[in-house]
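J.: would you be able to build a 3D model of this:
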Amino acid sequence: MIILFGVFIRYNEESDPHWVEYRNARNLSDSENDFYFRYPSFQDVHVMIFVGFGFLMTFLKRYSFGAVGFNFLIAAFGIQWALLMQGWFHSLDYTDGKIKIGVENLINADFCVAGCLIAYGAVLGKVSPVQLMVLTLFGITLFAVEEYIILDLIHARDAGGSMVIHTFGGYYGLSISWMLYRPNLSQSSNLQGSVYHSDVFAMIGTLFLWMFWPSFNSAITDHGDGQHRAAINTYLALASTVITTVAISSLFQKHGKLDMVHIQNSTLAGGVAVGTAAEFMLMPYGSLIVGFCCGIVSTLGYIYLTPFMEKHLKIQDTCGVHNLHAMPGVIGGIVGAITAAAASESVYGPEGLVNTFDFEGAFKSMVPTRQGGHQAAGLCVAICFGVGGGILVGCILRLPIWGDPADDNCFNDEPYWELPEDEENIPPLLAYNNHMLNKNVMETNFSVEQN
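T.: Numbering: from 1, shown residues only. Next comes the predicted model:
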């Protein structure tokens with residue numbers, strides 16, 4: 001990696017000492033350096049990647065080290081590989097063959113890593129650190145290619161990554177999980193649930209993601225109205241999803257109680273689904289509708305679809321990424337296609353329409369209805385790359401050379417982490433919920449002996 005960076009990576013004009021000359025030649029001020037526009041959003045996205053995703057996956061009672069620690073590992077590795085892969089497609093200076101990077105490249109690298117972290121959620125607790133590195137290596141490569149096809153060749157708009165990040169990452173992880181199906185995973189059923197404090201830690205991840213999602217969806221949009229509109233639309237969709245999730249969770253659970261799994265995950269689905277159309281004229285009420293629909297779809301997915309997929313489709317989705325990322329990502333792609341096709345000069349204005357959809361250069365003659373078709377095509381590409389890439393990588397990860405845990409030792413930190421001595425031999429705790437088995441209370445190893 002160091003050699004590749006030494007050969008290819010250089011600072012761009014806004015992070016290079018020659019910025020002074022560049023600035024003076026164009027009559028710019030230092031405040032117009034892209035760093036001052038993008039860095040606040042970069043901070044928020046960075047927190048989401050390392051804190052939000054990491055803590056969201058700590059719900060398993062004996063896999064918190066693996067959730068946070070391996071999230072840290074593959075994110076740190078992934079951003080380096082992403083800077084190279086995305087750089088070769090988007091930031092290569094053909095005059096000298098170098099990749100020129102700035103703050104926007106750092107944001108895009110975080111986005112790229114997000115797709116792999118989503119995939120990690122589907123196989124959480126069932127793979128080794130080496131398998132995760134392989135998953136990330138291929139995932140970043142596939143992401144860079146599909147992103148280039150969708151954004152540059154097809155010319156679809158996807159500011160918040162509903163298609164490029166969430167749909168791809170969700171189906172990539174689900175396909176790998178399908179390929180790595182474990183028929184005897186029930187041997188680890190006593191570790192497959194959560195306990196009170198592990199769910200509280202997972203809720204920390206939820207809150208960080210929920211608070212910073214408007215920054216995620218607006219981070220790389222156009223300065224000005226596009227960025228402003230993306231933040232508003234995401235803010236409203238997330239708020240709507242929370243209310244809907246709480247209502248649906250209470251309605252479908254026994255005695256009207258809330259399920260923490262739904263609150264941890266389904267409350268974020270609106271942010272996923274509004275990503276593609278975030279910078280479009282979705283309108284505030286439209287954002288609320290998107291959030292409302294996703295709250296219903298995601299919550300019902302956890303209640304009914306996840307158990308069905310495990311039983312009949314042989315897909316063991318540990319974190320329920322199909323409900324939080326894959327389905328809402330598809331909804332986001334559909335919403336983006338409809339919103340783009342319905343765009344008009346009367347709503348956007350002539351210049352606003354060109355600026356929002358980037359109708360310039362080779363796409364100068366593009367019209368909104370045709371743009372809607374391109375958006376739909378982008379969604380299909382994301383699904384194909386996710387499913388096809390996941391099956392291919394899954395075949396590689398099935399090779400018996402990666403040191404993956406045994407069926408009776410999944411969802412357990414002990415094989416890969418040094419644990420505190422007072423934690424080593426604690427008997428399994430009674431699990432009151434879990435993400436995969438629809439809350440059936442599981443047996444424990446506790447016994448009562450009489451003298």
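
J.: where in this protein is pLDDT low?
T.: Counting by pLDDT under 70, the chain shows low-confidence ranges at 422-451.

J.: what segments of it are strands?
T.: 9-11, 92-93, 98-101 (DSSP state E).

J.: among the ones you listed, which is nearest Gly349?
T.: Among those, strand 98-101 comes nearest to Gly349, with 33.2 Å by C-beta to C-beta. Just so you know, the C-beta spots here come from the backbone N, C-alpha and C atoms, and that holds for glycine as well.

J.: output the contacting helices and strands for the closest one.
T.: Secondary-structure packing of strand 98-101 (3 or more C-beta pairs under 8 Å, 6 or more residues apart in numbering; DSSP states H and E): strand 9-11, helix 64-86, strand 92-93.

J.: quick check, Gly336 in contact with Glu279.
T.: No - with contact defined as C-beta atoms under 8 Å, Gly336 does not count as touching Glu279 (9.9 Å).

J.: any chance of CSV for the strands of the chain, columns distance to Val354 and mean neighbour count?
T.: Output for the strands of the chain, formatted as CSV (distance: least, C-beta to C-beta, whole Å; neighbours: other C-beta atoms under 10 Å):
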stretch, distance to Val354, mean neighbour count
strand 9-11, 31, 15
strand 92-93, 26, 14
strand 98-101, 26, 20
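
J.: out of these, flag the one nearest Phe53.
T.: So among the strands of the chain, strand 98-101 is nearest, using C-beta to C-beta, at 22.9 Å.

J.: mind listing residues that contact that closest one?
T.: 8-13, 15, 83-84, 87-88, 91-93 (C-beta atoms under 8 Å, 6 or more residues apart in numbering).

J.: before we move on, back to that, point out the most buried one among the helices and strands packed on strand 98-101.
T.: Most buried of these, by mean neighbour count (mean count of other C-beta atoms under 10 Å): helix 64-86, with a mean of 21.

J.: for it, packing partners?
T.: Against helix 64-86 (3+ C-beta pairs under 8 Å, 6+ apart) you get helix 2-8, helix 53-56, strand 98-101, helix 103-122, helix 129-147.

J.: before we move on, the earlier item: between Gly336 and Glu279, what contacts are shared?
T.: Arg157.

J.: those two: which is more packed in?
T.: Gly336 (32 against 29; other C-beta atoms under 10 Å).

J.: let me have the contacts of strand 98-101 in JSON lines, extended by distance to Val321.
T.: Putting the contacts of strand 98-101 into JSON lines (distance: C-beta to C-beta, whole Å) gives the following:
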{"residue": "Phe8", "distance to Val321": "32"}
{"residue": "Ile9", "distance to Val321": "31"}
{"residue": "Arg10", "distance to Val321": "36"}
{"residue": "Tyr11", "distance to Val321": "36"}
{"residue": "Asn12", "distance to Val321": "34"}
{"residue": "Glu13", "distance to Val321": "39"}
{"residue": "Ser15", "distance to Val321": "35"}
{"residue": "Leu83", "distance to Val321": "25"}
{"residue": "Leu84", "distance to Val321": "26"}
{"residue": "Gly87", "distance to Val321": "28"}
{"residue": "Trp88", "distance to Val321": "28"}
{"residue": "Ser91", "distance to Val321": "29"}
{"residue": "Leu92", "distance to Val321": "32"}
{"residue": "Asp93", "distance to Val321": "37"}
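
J.: just these now: which is nearest Gly193?
T.: For the contacts of strand 98-101, the nearest to Gly193 is Leu83 (38.3 Å; C-beta to C-beta).

J.: nearest residue to that closest one other than its sequence neighbours?
T.: Leaving aside its sequence neighbours, Leu83 sits nearest to Ala109 (C-beta to C-beta, 6 or more residues apart in numbering; 5.0 Å).

J.: number of residues surrounding the one you found?
T.: 26.

J.: and Lys257, by the same measure?
T.: Lys257: 9 neighbours (other C-beta under 10 Å).

J.: test my guess that it contacts Ser250.
T.: Yes - using C-beta under 8 Å, Lys257 is in contact with Ser250, at 6.9 Å.

J.: now Val127: closest residue in space, sequence neighbours ignored.
T.: Nearest to Val127 is Asp404, by C-beta to C-beta, 6+ apart, at 5.5 Å.

J.: now Gly115
T.: Per C-beta to C-beta, 6+ apart, closest to Gly115 is Gly169, 3.5 Å.

J.: so which of the helices and strands packed on helix 64-86 is nearest Pro350?
T.: Nearest to Pro350 among the helices and strands packed on helix 64-86 is helix 103-122 (27.2 Å), distances taken as C-beta to C-beta.

J.: thinking again about what came up before, and the contacts of strand 98-101, which is closest to Ala340?
T.: For the contacts of strand 98-101, the nearest to Ala340 is Ser91 (26.1 Å; C-beta to C-beta).

J.: who's in contact with the closest one?
T.: 12, 99-101, 105.

J.: separation between it and Asn108?
T.: 9 Å (C-beta to C-beta, to the nearest Å).

J.: same deal with Ala122?
T.: Counting by C-beta to C-beta, the gap from Ala122 to Asn108 is 23 Å.

J.: I figured the residue nearest to Val127 hits Val134, correct?
T.: No - using C-beta under 8 Å, Asp404 is not in contact with Val134; the gap is 11.1 Å.

J.: next, show the common contact partners of the two.
T.: Common neighbours of Asp404 and Val134 (C-beta under 8 Å, 6+ apart) are Leu397.

J.: re earlier: between Ala122 and Asn108, tell me which one has more neighbours.
T.: More neighbours surround Ala122 than the other of Ala122 and Asn108, with 30 against 24 (other C-beta under 10 Å).

J.: the more buried one touches Thr318, doesn't it?
T.: Yes - between Ala122 and Thr318 there is a contact at 6.4 Å, judged by C-beta under 8 Å.

J.: which neighbours do those two share?
T.: Ser177.

J.: what about the helices in the stretch 201-350 of the chain?
T.: 225-252, 260-265, 269-273, 284-300, 306-312, 321, 327-341, 345-348, 350-357 (DSSP state H, counting those that start in this stretch).

J.: of all the ones you listed, which one comes closest to Gly373?
T.: Ranking the helices of the stretch 201-350 of the chain by proximity to Gly373 (C-beta to C-beta) places helix 327-341 first, at 7.5 Å.
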